[in-house]
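Enquirer: Pasted the sequence and its predicted model underneath.
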Amino acid sequence: MELREMAERAVSEVGAVLAALTPDTPTRMIDEILRAKRIACYGVGREGLMMKALCMRLMHLGFDAHVVGDMTTPPIGPGDLLIVSAGPGYFSTVLALMGVARKSGSRTMVVTAQPEGEAAKQADVVIVLPAQTMATDQTAPTSILPMGSLYEAAQLLFFDLITILLRERTGQTPEQMRARHTNLE
């Protein structure tokens with residue numbers, strides 16, 4: 001198979017994931033983010049990179065958003081939101097952090113491909129991206145992309161679309177977002 005064919009298939013697969021979202025998915029995520037005083041984001045591996053990308057966009061929108069594990073991440077408590085990714089439905093670190101957030105009085109949101117997974121069962125809000133992850137890539141492979149890449153690619157695009165919707169809901173301009181981008185590069 002040529003690169004062009006692979007690219008067309010991969011793009012089609014990501015589009016199918018986003019097309020399969022329930023109509024209320026973006027609204028539920030946006031409403032929860034807008035309610036939060038402070039937001040902490042966490043994920044492992046490549047999912048963690050997508051969560052860092054989301055956190056960066058939330059910061060660009062002016063939210064008090066932080067990546068769990070950074071030395072400067074403040075504590076969370078009542079009125080705050082922990083957003084985690086658990087594509088396959090379970091990661092021990094995700095569950096542990098969700099427990100800490102719950103004890104602190106924070107709300108929890110999990111982004112996952114497995115709505116019946118342990119992380120989803122413990123979350124206040126569940127955002128389902130119905131994509132192949134490493135949980136199913138060996139037993140029921142459907143994607144041309146390796147391992148959990150379909151889920152991660154869908155996350156990146158979904159999070160940027162959520163960013164656009166948040167920008168519109170908050171009445172901001174792209175220039176206002178750009179003004180919050182770091183100058184330490």
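Expert: Noted; the coordinates are in hand.

Enquirer: for the longest helix seen in the chain, packing partners?
Expert: Using DSSP state H, we find that the single longest helix of the chain is helix 149-169. Helices and strands touching helix 149-169, as assessed by 3 or more Cβ pairs under 8 Å, 6 or more residues apart in numbering; DSSP states H and E, comprise helix 3-19, helix 25-35, helix 45-60. C-beta here means a position set from N, CA and C on the backbone, and glycine is covered the same way.

Enquirer: Which strands and helices lie in contact with the last one?
Expert: The one in question is helix 45-60. So helix 45-60, by 3+ Cβ pairs under 8 Å, 6+ apart, packs with strand 39-42, strand 65-67, strand 81-85, helix 149-169.

Enquirer: do the longest one as well
Expert: Applying 3+ Cβ pairs under 8 Å, 6+ apart, we find helix 3-19 packed against helix 149-169.

Enquirer: same deal with the second one?
Expert: Here helix 25-35 touches strand 81-85, strand 107-112, strand 125-128, helix 149-169, going by 3+ Cβ pairs under 8 Å, 6+ apart.

Enquirer: Can you tell me what sits against it?
Expert: 39, 58, 63, 79, 81, 83, 107, 109, 124-125, 127-128, 161-162, 165-166, 169-170 (Cβ atoms under 8 Å, 6 or more residues apart in numbering).

Enquirer: What confidence value was assigned to the closest residue to Pro88 other than its chain neighbours?
Expert: In space, and not counting its chain neighbours, Pro88 is closest to Ala135: 3.4 Å by Cβ to Cβ, 6 or more residues apart in numbering. Per-residue confidence (pLDDT) for Ala135: 74.

Enquirer: For Ala135, the count of nearby residues, please.
Expert: Neighbourhood size, Ala135 [other Cβ atoms under 10 Å]: 19.

Enquirer: contacting residues for it?
Expert: 87-89, 113-114, 148.

Enquirer: Out of those residues, give me the one that has the most neighbours.
Expert: Neighbour-wise, the contacts of Ala135 (other Cβ under 10 Å) top out at Gly87, 32 neighbours.

Enquirer: State the three-state secondary structure for it.
Expert: coil (DSSP: H, G, I helix; E, B strand; the rest coil).

Enquirer: okay, the helices and strands packed on helix 149-169, which one's buried deepest?
Expert: With neighbours defined as mean count of other Cβ atoms under 10 Å, the helices and strands packed on helix 149-169 peak in mean count at helix 45-60, which reaches a mean of 20.

Enquirer: Can you list the neighbours in contact with it?
Expert: 33, 39, 41-43, 65-67, 83-87, 148-149, 151-152, 155-156, 159-160, 162-163, 166, 177-178, 180-181.
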